Every structure is written in C-alpha cells, then in structure tokens.
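J.: Using only what follows, build the 3D model:
(2 chains)
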Amino acid sequence: MSLELRDVVKTYREPGGGRLPVLKIASFSLAAGEQAVLVGSSGGGKTTLLNIIAGITAADSGEVLVDRTDLTKLPEAARDRFRAERIGYVFQTFNLLQAFTALENVLLGMSFGGRHADRSAAIELLKRVGLGHRLHHKPAQLSVGEQQRTSVARALVNTPKLLLADEPTANVDAANQQTILDLLRTSCRENGVSLLLVTHAPEVANQFDRVEKLADFNNPVPQIAAR
Amino acid sequence: MNLATIAWKSVRQRGLASSLTGVSVALGIMLMVMVLVIYGILQNTFNQRSINYSLIVGAKGDPLQLVLSTVYHVSPPIENLPYRLYLDLKKDPRVEVAIPLAMGDVTEEGNFAIVGTLPEFFERDYAPKRPFLVKGTAFHQPFDAFIGSRVASENGWNLGTKLKLRHGGAAGDHVHDEEFTVVGVIAPTGTPHDKTVYVNLEGFYQISGHDKPLDEAIKREREFYGEPPLDADGLAAEMKKIQAKYGVHDHAHGHDHAHHGHAHETPPVQKEVTSILIACKSDTAGLMLQGEMKKGYKAQAVNPIFPMQKLMNDILGPVKQLLLAMTGMIVLVSGIGIFVSIYSSMSARGREIAIMRALGAQRSTVFTIILVESIILCLGGGLLGLLLGHGMVFVAAPIVEVQTGLIVNPLAFELAELVLFPALLLMSILVGFLPGMTAYKTDVAEALSNS
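T.: Predicted coordinates for the structure are as follows:
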C-alpha cells in the first residue's frame, strides 16, 4: 500500500474561537502504482487533504501512512525529509522559482532530500518531458505548458513513491491539458509511482478508473466514498 | 544544488538592491582598510627601529620637528649648530659614536633630500642588526655621494652619475655649480635612507654659500657657547689666526671651488651642522647628556623614541580611533541596509520559501539560505572593500610619497585587517537573523494558497 488514511480529521480555528471542520476521512487507501482522481467543489478541502498527505499541514487526528510510514508520528523535520525523498508534488500554479532555469528548478527538487543532486538525471528527465531544448530557460521564458511540464519533471526527479497533483491542468489550455495529463499518468505508470490527482474538471476525472468524491464539507462533514 | 548556490541565485535576482547594499559595505570596509594600512605605514615609519642612535642633538625647538627633519626629512630643520659642538661630543667619554649631519638641500632632479655626513655614518647599522649594504666604493673624496635605492631607481642613477644640489629645497632656489659623483648605491632599507642622497660632509661645506663668512661664523659660535662678543680688534685677530692656519677661504665673497678647480679644508668655525646623531655608551650617559644640553647650550638632545611615541599615541592614535569609529559606523549603516533589503524582500519571497519547503526543505534549511544571503552580501562587500582599499593605497602610495616624503609600501597589509572578516561574519549573522526567522516561520500551506 502506497497511501493509507485512517480517521483523518482537520479543523481550522474560527475567529470566534470555535473549530471549523474542513475534513473528516474515515478511510482511504491507494495501492502502489495505483492512479486515482479526487473531485470535489472548489474550497472543498482537496488541497488541504493533499497538504496533509504531503506532511505540509498536520492533521488534528488520525493516521496518514505513506509507504507504510505514519507521517502524523514524525516530527516536522522528519516529515520534510520524507516529503523530499518520497513524495512528489505538482501544483496548480506550477510554483517554479522565477530566478532559476528549468534545469535548476528540477535540480532544486533534488536538493533537500539528502541525496546528491544528479544533474544528468535532471537533464534526462527534462528531455523526457520534451524540454531538452529549454534547459536553461527561466520560467518567464517558457510557455504555460512548458512550465507545468517542468514542474512535473521536478516532482518526479526524486523517483517518489507517491505523486500528488493539485489541479495540474487548471491553468493550461486544452491541448496542453491532455499532454500534461498523459505525461503524468505515463511517467507514474512507468516508474510504479502512485498518483493522486485533484481536479474539478470532469473531462480529466473521466479518464481515470478510480474517482473519489470529496463531498461538500460544510454540512455534512466531507467523507470520501469509493465509487 | 547546494544552499550557497540557492542563496546566490536569490542575491542575483535582487541584483540592484544587492549591488547597492554590497557596495555600501565595500565602501565602509575600503575606508577601514585605508585607515588601518595608512596608520600601519605611519607606525612602521615612525617606530624606534628606524634609527640606531640613542640621541639626536639639534638646535632648541620642537623635539618632534628635530626628529622628523633629521630621521624622516619631512620637516624643515630648526636651526644649525656649530661644528665645535660635534667635536666636543665626539670627545666626550660617555659618547660611543657621534655623527654630524648637514641638511637643507635637495637634488636638482627629483627633489631628494641631501644629507652631508661622514663615512662613519655607514659603518654603523642604520637600525639594530641592519647594516647598510652599499654597492660601490668607499665614501672618502669630498665630492663623493651615496644614493638611496629609490633615488637610484626613480632618477635612473648609478655609480658614476654626476649630480647637483638645489639650495634650500624650493623649486625657485638656485642650483649649486658643484657636482657630486655617485660612488655608492645603498641597498633598499624600507626607510627614509632609500630616498636620501648622502654626500661627503667636507664636500658639502665646500659648496659655495654652505660655509658662513668667517666674521659671522666667529660671532655665532661665541654666541652659541655664551662667550662674550669680541670687539673689532679681537675679531680681526681671531680671523687672522684662522686664515693663517687654513688660508683665505670665503665663498660668500666669490671664492668658489667649482670655478678654481680645487678643494681644501674648511675652517671648523665656518662649518655648521643641522643635527648630531649620538650613540651613548649607556642609558645613564644619555640621560646625563640630555640634562646638560638643557642647561648649558642653545641645543637640545632628544631621545627619538619619545617624540615619535607622543606623536603616535597622542595625535595619530586618537585620530585613527576616530576614523575607525566613523568607518565602523559606515559599515554598521550598510549592515542595516542589508537587513532592510533582505527583510523587505521577505514578504515578496513568502511563496519562494513555501515552494522550497513544499519540496522538502526544512525550516532550518530556509533559515540558513537567508543567512547565507546575508553572509554573501556582507563578506562579498567586505572582500570588494578590501581590494578597493588596497587598490587605493597602491594608487595613492606614490602621490603620498611625493606630498609627504614618507615611504609608503603600496602592498602594505595590516594584521588588524584579519579581524574585519570575523566581525563582518558576525554582523551578517545578526543582520540575517530576523529575515531568516521570518523564513523559518513561513506557513507553507498559507503562502502557497496565497499564490
């Protein structure tokens, strides 16, 4: 099992002092190499869930097991290291560093895991996503599609066990949308990486065998239910 | 990609702000380096090792002026002394060595100081355990000269070169007709000797105008020793006695060696010296001589160490401290500039920090990156300032030499400069701490959602 969630609860503090529930997941799992899509309304807690799985945000309670390691039991620094080494993250807004070239952005993804940054592996990966001719271009010099392909390469460069993709096609045009999607799915399949992709676009969700719905969290508290 | 590379990228991204703050540090450090190096040069120049004599005897006046004019040739001589005083001191049983010096002229070419002295001057170490090394022959004929290494290199002079003296040192003063011949080139000493031409004292007196008219010389010598003035008959008899012994010899009235082609001994009474270097047989002897000079003569005996220590401690030392404090403030202000630059950029860099954190960077890692940025700016600016400071000294050295007569080593380096970098490192850590903590505390989820 690549990912397993048990009784995960997340609330936020309200200005009045109370707690606002945003997420309550009784059980969810993703097998090694499995690909699933998570759909739900905007503001429905999808990004919060990905952040909890990535160890960026701490859950109030419950267990988050990634590659059999319970992230909720790890101190923050260990979670950071775990994320650097075993979890890839593709953001909706790409989140490339503007001062860095495409190659440097990918190398940056290798810089925090305690492993040696393998320049040739980064170049190879960029070539595989079709950016061999854009290695030394900065994000501002890349098209939107190229930027997202760079961020995909950055997420895959550490050969993670789990790839989280938060609306990866939301900011790209239709042609690039399919390219990005194919790239993500093919790369994960080839490397045995589990993929959990969040989207609100039905045309994206429909391409996955497994689609999970994150119900409106306001009332009742959202639950994940297998289709 | 290591943290320094990531930090350097950030510094470059904010190129203008980074350059300005780095340059402000560089300017402060440049000024500090210049103050340290120049003070070091002055200290080395004026320390006691520049002279190997325990006393300098000269006319009464400012002791500092006596030392500066005698040893460093950077101040006009006070007044002349009778040659008889030198002869008296030479015979004094407490005196090991007495060397007369006659100064006031410069070379026609290059304005290097001329010092008339005796061959014995070169037999004694110019500083403890540092003997004169001279290429050439001995310094025996009246119109023989030794030249310092800088005189040789700057004027292109060598053994056999003929040189003339400009009277008084001012550009408008006349050039003496007599020529001296270079018979020795002194190896570099790093002292004022390098920029000095030494001529045989006997030849110095034989230059027209360098010996006093006989009647005036007799009067001045008696006045110096506090002897009653002679009446007209007594003066005439004294002059007749001297002329009978040395021959009629009066350059002031048209008797000029350059024109009649001979050299002969100048009567001692017509000779004057500017100062006398004394090495005493004991410290006590030196103190006794100093005390006697204060009472009996119109002269003073000065231990060269004390006026120079006074100059360094009472005048130059506080000036150095003041300048260091001022330049330190400049560096401090530039440090604040770096703080403002980095800190003000932090709000715009929240997303950048959050991205790195999302990629697995720990809080301590992003804190370190910000700290390294601060270190790059402080130490980079410091290094630039160090180069600029030494560059300025290198460029200014020949100008300062011309203006002051001091020897300035353009490659001078002060050990105190080594303290600058640990201090800069400390400053960079202080400056980078608060922005670093801002990065440390960045809420990744919030910063990413804001983007």
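
J.: How confident was the prediction at residue B:344?
T.: Per-residue confidence (pLDDT) for residue B:344: 84.

J.: for residue A:216, that is, sorry about that
T.: Per-residue confidence (pLDDT) for residue A:216: 43.

J.: go on, residue B:265?
T.: Looking at residue B:265, its pLDDT stands at 69.

J.: what do you get for residue B:147?
T.: At residue B:147, pLDDT is 95.

J.: Quick check: it touching residue B:186?
T.: Yes - taking contacts as C-beta atoms under 8 Å, residue B:147 lies within contact range of residue B:186: 6.9 Å. Backbone N, C-alpha and C define where each C-beta goes, glycine included.

J.: So which of those two has more stuff around it?
T.: Neighbour totals were compared for residue B:147 and residue B:186, and residue B:147 leads with 31 against 25 (other C-beta atoms under 10 Å in any protein chain shown).

J.: The residue in chain B that chain A sits nearest to - how many residues pack around it?
T.: Going by C-beta to the nearest C-beta, chain A is nearest to residue B:360 of chain B, at 2.2 Å. Counted with other C-beta under 10 Å, residues neighbouring residue B:360 total 27.

J.: Same check on the one 5 residues further on?
T.: Counted with other C-beta under 10 Å, residues neighbouring residue B:365 total 20.

J.: Over to the residue of chain B closest to chain A. Which of the three states is it?
T.: coil (DSSP: H, G, I helix; E, B strand; the rest coil).

J.: ok now stretch B:436-444, how far from the chain's centre?
T.: On the basis of C-alpha atoms, centre = their mean, to the nearest Å, stretch B:436-444 is displaced by 54 Å from the centre of the chain it belongs to.

J.: Give me the mean pLDDT for that stretch.
T.: This predicted structure assigns stretch B:436-444 an average pLDDT of 92.

J.: so where's the longest helix in the chain?
T.: All of this is about chain A. helix A:174-191 (DSSP state H).

J.: sorry, should have said chain B
T.: If you go by DSSP H, chain B has its longest helix at helix B:363-404.

J.: average pLDDT across that helix?
T.: Helix B:363-404 comes out at a mean pLDDT of 89.

J.: Beyond that helix, next helix or strand please.
T.: Helices and strands here follow DSSP states H and E; after helix B:363-404, the next one along the chain is helix B:417-440.

J.: Which positions in that next one come out as buried?
T.: Along helix B:417-440, these residues count as buried under the neighbour rule (16 or more other C-beta atoms under 10 Å in any protein chain shown): B:417, B:420, B:424, B:427-428, B:431-433, B:435-436, B:438-440.

J.: can the residues you listed go into JSON lines with extra columns for distance to residue A:66?
T.: Written out in JSON lines, the entries for the buried residues of helix B:417-440 read as follows (distance: C-beta to C-beta, whole Å):
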{"residue": "B:417", "distance to residue A:66": "54"}
{"residue": "B:420", "distance to residue A:66": "50"}
{"residue": "B:424", "distance to residue A:66": "44"}
{"residue": "B:427", "distance to residue A:66": "43"}
{"residue": "B:428", "distance to residue A:66": "39"}
{"residue": "B:431", "distance to residue A:66": "39"}
{"residue": "B:432", "distance to residue A:66": "34"}
{"residue": "B:433", "distance to residue A:66": "34"}
{"residue": "B:435", "distance to residue A:66": "33"}
{"residue": "B:436", "distance to residue A:66": "30"}
{"residue": "B:438", "distance to residue A:66": "30"}
{"residue": "B:439", "distance to residue A:66": "26"}
{"residue": "B:440", "distance to residue A:66": "25"}
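
J.: circling back to that earlier point, is the residue of chain B closest to chain A in contact with residue A:77, as I believe?
T.: No - with contact defined as C-beta under 8 Å, residue B:360 does not reach residue A:77; the gap is 10.4 Å.

J.: Quickly list what's touching both of residue B:147 and residue B:186.
T.: Contact criterion C-beta atoms under 8 Å, 6 or more residues apart in numbering or on different chains; residues shared by residue B:147 and residue B:186: residue B:198.

J.: related to what we said a few turns ago, okay, the angle between the longest helix of chain B and helix B:417-440?
T.: Between the direction of helix B:363-404 and that of helix B:417-440, the angle (axes from the mean of the first three to the mean of the last three C-alpha atoms, to 10 degrees) works out to 150 degrees.

J.: who touches stretch A:150-159?
T.: The list of residues contacting stretch A:150-159 from outside it, by C-beta under 8 Å, 6+ apart, reads A:84-86, A:88-91, A:94-96, A:102, A:105-110, A:113, A:115, A:121-122, A:125-126, A:128-129, A:131, A:134, A:139, A:142, A:163, A:165, A:168, A:180, A:183-184, A:187, A:191, A:193, B:359.
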